[in-house]
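1. sequence unknown, structure follows:
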């Protein structure tokens, strides 16, 4: 068995990053550094109204008073925020393409290399009348290339339903009242260090508005890629689901390989009114750095959903396989009575990757329910922590929570940690938490091998079984991709 | 660094207090130096605050704003004052400390078996210049309050068992805070040194009398030799105005076992840190705890089990019953280090919230660096099963009575595991007295 384990580690270390490539695009990039002038530059570049600029500047003033959080179970050198360039836009974005010929061929090449279900490049370029070729698959794509949205598809079909799906910069110009009403209401500017930074300098992101009673006719998807050197990405996503509406939003990320650490600090805000439902799924596969921990993305994300209305529901599903550092706690504030929050997560750390991730469920309304299923897989020298909070306020009569966190360790140099906080102030609340840590059982392996499976297939089978509870929550298109990603990630993990 | 800038007024008081009593503190010159170092360590950090992650849910502001003083001598206490706290039929060797000093008159340490030493820790320090104020084997005693204790402690119990010695009857250590004067502090330190294959049961019983505010800070060090076994019972019945802080540091060699049973019933505020380090194979630690904050009580249990090497075992079970404005905190950390393969560990914490004004905060933590281990934890927060309440009511038991019985059985599952019948009955009776409607079921105990 010992020899077998050695192989595992060796192979885990050797796995290469498949999406590692750099597209050479001409970028409209501002010099590194951050002060009020940079914020004014971003704001004017985006042709933003005065109120937006004031909002950003106020955020910047608050951010200057804040300190980097020290509590995560993460180790990384201090980040110099003056060495980062805060604005980078592909040139082609200035002039949106009308047909495929006008699309920057490098961009198309990038999508091709990604091999994600984006091969319909006409759709991406927004060529009129183009149909999504895969029958039964309905996905609208708002592709974010670096910080600016370069292509939006299915706009018409969505417009028919009354759904607004556009970049946040466009929304600030076109729908200022909606943005003004909701921006910063779920994640305030002063919420935390990274949310503050994002509020000051966010360059783009998506805006989704589902009107009352509308069931969004298709899955909405955004692909984020970090591309230009030395630029951090600061997306801001805002999804508003009005009374009785329903939306499923997919977010997927891969990034090209490079040596400098890149900073990513996104903010995602979800608002669900009465009877509304938002499903937010993420597959994150940014460059994790090489086996010695060189390079890789620093991912500091604030994601929070507000179940504002009664009987509303917000569901987070995430598959995190990339990034050198992940700091991410998608949360639900269950304000409405009978509202429901869900969190399903698979996180993989290998090489020198570190992840401190989990969720917060804040129960405010009566009869609120939350479910947390977190699966962590740690291999090689990966370090992983689940950090979660379930908080029951005195008003949350009959609140209910179920939490399960399981960790799988592959190799004896990795770490898996669990920090679940439970705070209950209501005597009618019922909370359950359980956690287990284990490795792939020798008996499980033996059984599979004895049935004729190769070691690799056996591990893949066992790991997929371990993650099944989460994968089944993903929309179909993503479930397949996620499973493939996991298989590829751990492909050579077990020899 | 100017000391005046760094140190807040409450620390000033304790620095002055230390100079006042320093001369009388037991220990050799070496010990005095250690005490000064520890005082400095305490002064540098001061009392922990809620900004400190380990103290997130427990504020010591009430302790910090008072100016506690060491008692110059113990108050005269009549034996009958302790009668109410004596478990019926409990036969034990007895060591009594009053206001931080050994009281020979109230103690009963005759007929100790051969190879077992039980005496005042202060006397032991005075007689043996080579003995330090901190046990050498316990590498690290984190926390500024443990440092405060090392600087200030006036006495305690010293227990040493020779190789193969067995203490047949339990040892009952009673630590009384008389509450005779306002704002006094009791700083007590116990040390247990277990030789190979030795065995003992020790009951640490904290009792508060009177109605004056006081601060009790207790540290226990246990050094476990190979295959030694300690059953330790912590029975905490401080008075309503007592602030109780207690820390346990265990160090376990091969095959040694610690069974720790904690019952927190009294005190205005209680903070208990239970730490054990398993440094050799097949060492085993079991932590059981029941905490019952009612009224305005606040009880905070922190545990830390450090699996340092392979093949060690830990089991942890805590149950909280919270009523009134009671607040309960539990933080259980299991650390499994790199070399601790084949560790087998399990932790569970369950809380019963009986009132809307009560609050519980629980955090079972796992920090794991080895892959071939079994580690799990579970935590639940809930309330009584309404069906069960209904069932009991249909059998003619009052609503209040039904709730008391069910609550009692919830906690009793852990009390029963103690295996010392007189103490089990004593705890059960005390528990029932705390529960609304419980008096009527006193005969259950």
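-> Noted; the coordinates are in hand. Everything quoted here is computed from the prediction, not taken from an experiment. Numbers count the residues shown, from 1 in each chain, chains lettered A, B, ... in the order given.
2. any weak-confidence spans in the chain?
-> Using chain A. A:1-28, A:89-155, A:222-232, A:253-261, A:477, A:491-495 (pLDDT under 70).
3. that's the wrong chain, I wanted chain B
-> B:1-7, B:443-445.
4. Any buried residues in the helix or strand residue A:404 falls within, and which?
-> Using DSSP states H and E, residue A:404 falls within strand A:400-410. Buried residues in strand A:400-410, counted by 16 or more other Cβ atoms under 10 Å in any protein chain shown: A:400, A:401, A:403, A:404, A:405, A:406, A:407, A:408, A:409, A:410. In short, each C-beta sits where N, CA and C put it, glycine included.
5. Isn't the fourth one up against residue A:418?
-> No - taking contacts as Cβ atoms under 8 Å, residue A:404 lies outside contact range of residue A:418: 10.9 Å.
6. where's the residue nearest in space to the middle of chain A relative to residue A:438, distance?
-> Centroid check for chain A by Cα atoms, centre = their mean gives residue A:282 as the closest residue, at 4.6 Å. From residue A:282 over to residue A:438 the distance is 26 Å, taken as Cβ to Cβ, to the nearest Å.
7. do the same with residue A:466
-> The value you get for residue A:466 to residue A:438, if Cβ to Cβ is used, is 9 Å.
8. Give me the common contacts of these two.
-> A:406, A:408 (Cβ atoms under 8 Å, 6 or more residues apart in numbering or on different chains).
9. separation between the residue of chain B positioned farthest from its centre and residue B:438?
-> In chain B, the greatest distance from the average C-alpha position (Cα atoms, centre = their mean) is reached by residue B:394, at 40.7 Å. Going from residue B:394 to residue B:438 by Cβ to Cβ gives 20 Å.
10. go on, residue A:336?
-> Taking Cβ to Cβ, one finds residue A:336 at 39 Å from residue B:438.
11. and what of residue A:309?
-> Residue A:309 is 43 Å from residue B:438, by Cβ to Cβ.
12. now residue A:348
-> Here residue A:348 is placed at a distance of 51 Å from residue B:438 (Cβ to Cβ).
13. neighbour-wise, which of those two wins?
-> residue A:348 (28 against 23; other Cβ atoms under 10 Å in any protein chain shown).
14. Check for me that that one belongs to a strand.
-> Yes - the assignment for residue A:348 (DSSP: H, G, I helix; E, B strand; the rest coil) places it in a strand.
15. In contact with it: list those residues for me.
-> Listed by Cβ under 8 Å, 6+ apart, the contact set of residue A:348 reads A:320, A:321, A:376, A:377, A:378, A:379, A:382, A:486, A:489, A:490.
16. Select from these the one having the most neighbours.
-> residue A:378 (31 neighbours).
17. Please look at that residue and residue A:416 and confirm they touch.
-> Yes - contact status for residue A:378 versus residue A:416: in contact at 4.9 Å, counting by Cβ under 8 Å.
18. what sits in contact with each of the two?
-> Common neighbours of residue A:378 and residue A:416 (Cβ under 8 Å, 6+ apart) are A:384, A:407, A:408, A:409.
19. Now the last one: closest residue in space that isn't a chain neighbour?
-> Excluding the flanking residues, the one nearest residue A:409 by Cβ to Cβ, 6 or more residues apart in numbering or on different chains is residue B:371, at 3.7 Å.
20. helix/strand/coil for the one you found?
-> coil.
21. What about it, how many residues nearby?
-> Based on other Cβ under 10 Å, the number of other residues close to residue B:371 is 25.
22. Look up how far residue A:425 lies from it.
-> Counting by Cβ to Cβ - residue B:371 and residue A:425 are separated by 38 Å.
23. for the contacts of residue A:348, which one is nearest residue A:474?
-> residue A:486 (11.4 Å; Cβ to Cβ).
24. May I see the buried residues of the host helix or strand of that closest one?
-> Using DSSP H and E, residue A:486 sits in helix A:476-489. Residues A:477, A:478, A:479, A:481, A:482, A:483, A:485, A:486, A:487, A:489 are the ones in helix A:476-489 that count as buried (16+ other Cβ under 10 Å).
25. And for stretch A:235-253?
-> Quick answer for stretch A:235-253 (16+ other Cβ under 10 Å): A:235-253.
26. Same question for stretch B:82-92.
-> Residues of stretch B:82-92 classed as buried: B:82, B:85, B:86, B:87, B:90, B:92 (neighbour count, 16+ other Cβ under 10 Å).
27. Just the ones of those in helices?
-> Cross-referencing the buried residues of stretch B:82-92 against helices under DSSP state H gives no overlap.
28. taking these one by one, which sit in strands?
-> The members of those all map outside strands under DSSP state E.
29. and the residue nearest to the centre of chain A, that's in a helix?
-> No - counting by three-state DSSP, one finds residue A:282 to be strand, located in no helix.
30. per-domain residue ranges of chain B.
-> B:3-280, B:386-445 (automatic domain parsing).
31. near chain A, anything from the last one?
-> The one in question is domain B:386-445. No - Domain B:386-445 lies out of reach of chain A by Cβ under 8 Å from any Cβ of the partner chain, never closer than 10.2 Å.
32. tell me which element the closest residue to chain A within the stretch 101-250 of chain B is part of?
-> Proximity of the stretch 101-250 of chain B to chain A (Cβ to the nearest Cβ) peaks at residue B:142, 17.3 Å away. Remark: residue B:142 resides in no helix or strand, with elements defined by DSSP H and E.
33. quick one: buried residues of the helix or strand hosting residue B:317?
-> Using DSSP H and E, residue B:317 maps to strand B:313-322. For strand B:313-322, burial by neighbour count (16+ other Cβ under 10 Å) applies to B:313, B:314, B:315, B:316, B:317, B:318, B:319, B:320, B:321, B:322.
34. Just name whatever secondary elements that strand is in contact with.
-> Applying 3 or more Cβ pairs under 8 Å, 6 or more residues apart in numbering or on different chains; DSSP states H and E, we find strand B:313-322 packed against strand B:284-291, strand B:298-307, strand B:327-336, strand B:344-353, strand B:359-368, helix B:399-415.
35. what is the orientation angle of the second one with strand B:327-336?
-> Using axes from the mean of the first three to the mean of the last three Cα atoms, to 10 degrees, the direction of strand B:298-307 lies 10 degrees away from that of strand B:327-336.
36. Spell out which residues of chain A are next to chain B.
-> Selection of chain A residues close to chain B by Cβ under 8 Å from any Cβ yields A:71, A:392, A:394, A:407, A:409-439.
37. Just the buried residues of the residues you listed.
-> A:392, A:407, A:409-439.
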